[in-house]
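Undergrad: From the sequence below, what's the structure:
(one chain, ligands or ions: 1)
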Amino acid sequence: MSQTIIVKIGTSSLTQVTNGNLALSTIATLVETMCNLQREGHRLVLVSSGAVGVGSGQLGLKERPRTMARKQAVAAVGQGRLMRVYDDLFTSLGQPIAQVLLTRSDLMQRDRYVNAYNTFQELLNLGAIPIVNENDTVAVEELQFGDNDRLSAMVASLIEADWLFLLTDVDRLYSADPRSNPDAQPITLIQNLEELTQLQVETSGTGTNWGTGGMFTKIEAARIATSAGVRTVITSGQHPRNIAKILQGEPIGTQFEAQPHASNARKRWIANAVIPSGKIYLDRGAVKAICKRGKSLLAAGILDVVGEFEASDAVQLCDSQGQEMARGLVNYSSAELQKIQGYRSEEIPAILGYIGADTVVHRDNLVLIS
Ligand code: GLU
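TA: Below you'll find the model as predicted:
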């Protein structure tokens, strides 16, 4: 059966530890593996970091750039070189590729999100392998994906992928740091979000080390991807052929099962791509109506409004403790909501002096967060 597979590789797997040069044999094996899978009828996307690392090498820099402008300039140097390497290798095997550079804002607006979706579908229909990176050179700080783990998970959600492979420098997750703790147990399967949340707690704590600083972002990526219905695997970047073995069912790496998810594309966009601009705290009745009975949010159930936002912005809907229950597009600005919170719908026109929407968040624009 044809599957849509995303592979994310980071700078640590793409470069040699000793001298920072490209790890050519690893990259070539990855390219071979992806070409073979493509020939078997699967649809492949590669999310590759390395622009800043390769650019630093090209420019003879002794350390990774620290300032934003320097990083952006260096990425512009490295991205071209990186693509040249991929193009040489994929072209040797007769495989067309495409460069796709995304910024966070490309996925935040619905029309641009749909546009990106259409372009990916077209590239995959044409049999090309898109090679994706953040458009580092133009991304503004507050609107960055920040890391390619998150970027790859959001692309996986966008294109409704079946699999996301996060290649890294450890073979899988362990219950503790295997280098210092002989009792550390390998974790082969995470079945649900609760187990995942437990892991998140431990990785963010100071006492636990998973072997690499990048594990927190990988687990966050696994959360985004699995909640969008994408099976996610954390496995070693040193052995790209394992991707094919995992697809055949071998229990390699740490695998995260796909979770039940919104099948509606618009709801997936609300859940995974938009950045909420504020929080609305709800009373118990409203939480129950939304979570148990699939109702819209009305002003009467609002306890408090935090943040400044306009109508049509995305907001988090939280219980009285601040725990996020749902996310949605709001019909009123924060200033309007502060006036009408707690009031019944029929009282609203008199308070505002005009007739607005019946609901604060309509159920068509609302998704539950597990
Ligand atoms: N986009 C960055 C680069 O190409 C990498 C971001 C990351 O390492 O996650 O260098």
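Undergrad: now the chain, which segments are flagged as low pLDDT?
TA: Applying pLDDT under 70 to the chain flags residues 199-213, 370.
Undergrad: can we see that at 80?
TA: 17-20, 140-144, 146, 176-179, 193-214, 261-263, 370 (pLDDT under 80).
Undergrad: show me the contacts for Gly146.
TA: By C-beta atoms under 8 Å, 6 or more residues apart in numbering, the contact set of Gly146 is Thr217. Where you see a C-beta, it was placed from the backbone N, CA and C, and this is true even at glycine.
Undergrad: do Ala244 as well
TA: By C-beta under 8 Å, 6+ apart, Ala244 lies in contact with 33, 36-37.
Undergrad: can you tell me which helix or strand it belongs to?
TA: Counting by DSSP states H and E, the element that carries Ala244 is helix 242-247.
Undergrad: With adjacent residues omitted, what lies nearest to Asn21?
TA: Nearest residue to Asn21 in three dimensions, chain neighbours excluded: Thr15, at 6.6 Å (C-beta to C-beta, 6 or more residues apart in numbering).
Undergrad: Surely Pro349 and Ala357 touch.
TA: No: in this structure Pro349 lies outside contact range of Ala357 using C-beta atoms under 8 Å: 11.2 Å.
Undergrad: Report how many residues lie close to Val287.
TA: Using other C-beta atoms under 10 Å, Val287 has 20 neighbouring residues.
Undergrad: which residues touch Gln238?
TA: 13, 26, 169.
Undergrad: quick one: it from the ligand, how far?
TA: 17 Å (C-beta to the nearest ligand atom, to the nearest Å).
Undergrad: Now do the SS call for that residue.
TA: Under DSSP: H, G, I helix; E, B strand; the rest coil, Gln238 falls in the coil class.
Undergrad: Helices of this structure, start to end?
TA: 11-14, 24-39, 51-58, 68-92, 104-108, 110-125, 148-158, 193-204, 215-227, 242-247, 265-272, 284-291, 334-340, 348-352 (DSSP state H).
Undergrad: mind putting those in a markdown table, distance to Ile187 included?
TA: Shown next, in a markdown table, are the helices of the chain (distance: least, C-beta to C-beta, whole Å):
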| stretch | distance to Ile187 |
| --- | --- |
| helix 11-14 | 20 |
| helix 24-39 | 24 |
| helix 51-58 | 29 |
| helix 68-92 | 32 |
| helix 104-108 | 30 |
| helix 110-125 | 31 |
| helix 148-158 | 17 |
| helix 193-204 | 8 |
| helix 215-227 | 11 |
| helix 242-247 | 15 |
| helix 265-272 | 24 |
| helix 284-291 | 30 |
| helix 334-340 | 42 |
| helix 348-352 | 51 |
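Undergrad: how about the residues of the stretch 1-150 of the chain that lie near the ligand?
TA: Proximity of the stretch 1-150 of the chain to the ligand (C-beta under 6 Å from any ligand atom) is limited to residues 10-11, 49-53, 75, 133-134, 136, 147-148.
Undergrad: if we go to 5 Å?
TA: Proximity of the stretch 1-150 of the chain to the ligand (C-beta under 5 Å from any ligand atom) is limited to residues 49, 51-52, 134, 136, 147-148.
Undergrad: of all those residues, which two lie farthest apart?
TA: Maximum pairwise distance among those (C-beta to C-beta): 13.0 Å, between Ala51 and Asp147.
Undergrad: Looking at the two, which has the bigger crowd around it?
TA: Using other C-beta under 10 Å, the more surrounded residue of Ala51 and Asp147 is Ala51, with 28 against 18.
Undergrad: thought that one was touching Gly78?
TA: Yes: at 4.1 Å, Ala51 counts as touching Gly78 under the criterion of C-beta under 8 Å.
Undergrad: ok now do Arg327, which residues does it touch?
TA: Residues near Arg327 by C-beta under 8 Å, 6+ apart: 270-271, 274, 276, 314-317, 366-367, 369.
Undergrad: Give me the subset of those residues that lies in strands.
TA: 314-317, 366-367 (DSSP state E).
Undergrad: Can you tell me which of these has the most neighbours?
TA: Going by other C-beta under 10 Å, Leu317 tops the ones in strands among the contacts of Arg327 with 28 neighbours.
Undergrad: Tell me the spacing between that residue and the ligand.
TA: Remark: distance between Leu317 and the ligand (C-beta to the nearest ligand atom) = 30 Å.
Undergrad: go on, Glu347?
TA: Between Glu347 and the ligand the computed distance is 50 Å (C-beta to the nearest ligand atom).
Undergrad: what about that residue, how many residues close to it?
TA: Applying other C-beta under 10 Å, we find 13 residues neighbouring Glu347.
Undergrad: what's the answer for Arg231, then?
TA: The criterion is other C-beta under 10 Å. On that basis, Arg231 has 21 neighbouring residues.
Undergrad: Going forward, the N-terminal residue is numbered 7.
TA: Renumbered: residue one is now 7, and that last one reads Arg237.
Undergrad: what's near enough to touch the residue found closest to it once you drop the neighbours it is linked to in the chain?
TA: For Arg237, ignoring the flanking residues on the chain, the nearest one in space by C-beta to C-beta, 6+ apart is Ala264 at 4.7 Å. Ala264 makes contact with 232, 235-238 under the criterion C-beta under 8 Å, 6+ apart.
Undergrad: Swap in 10 Å and give it another go.
TA: Listed by C-beta atoms under 10 Å, 6 or more residues apart in numbering, the contact set of Ala264 reads 167-170, 231-238.
Undergrad: Please apply the same query to Ala162.
TA: 10-12, 14, 51, 53, 168-171, 227, 230-232, 234-238, 278 are the contacts of Ala162 under C-beta under 10 Å, 6+ apart.
Undergrad: Could you do Gly362 as well?
TA: 305, 317, 337-338, 342, 346, 351, 354-355.
Undergrad: Now which of the residues you listed would you call buried?
TA: Among the contacts of Gly362, those buried by neighbour count (16 or more other C-beta atoms under 10 Å) are 305, 337-338, 342, 346, 354.
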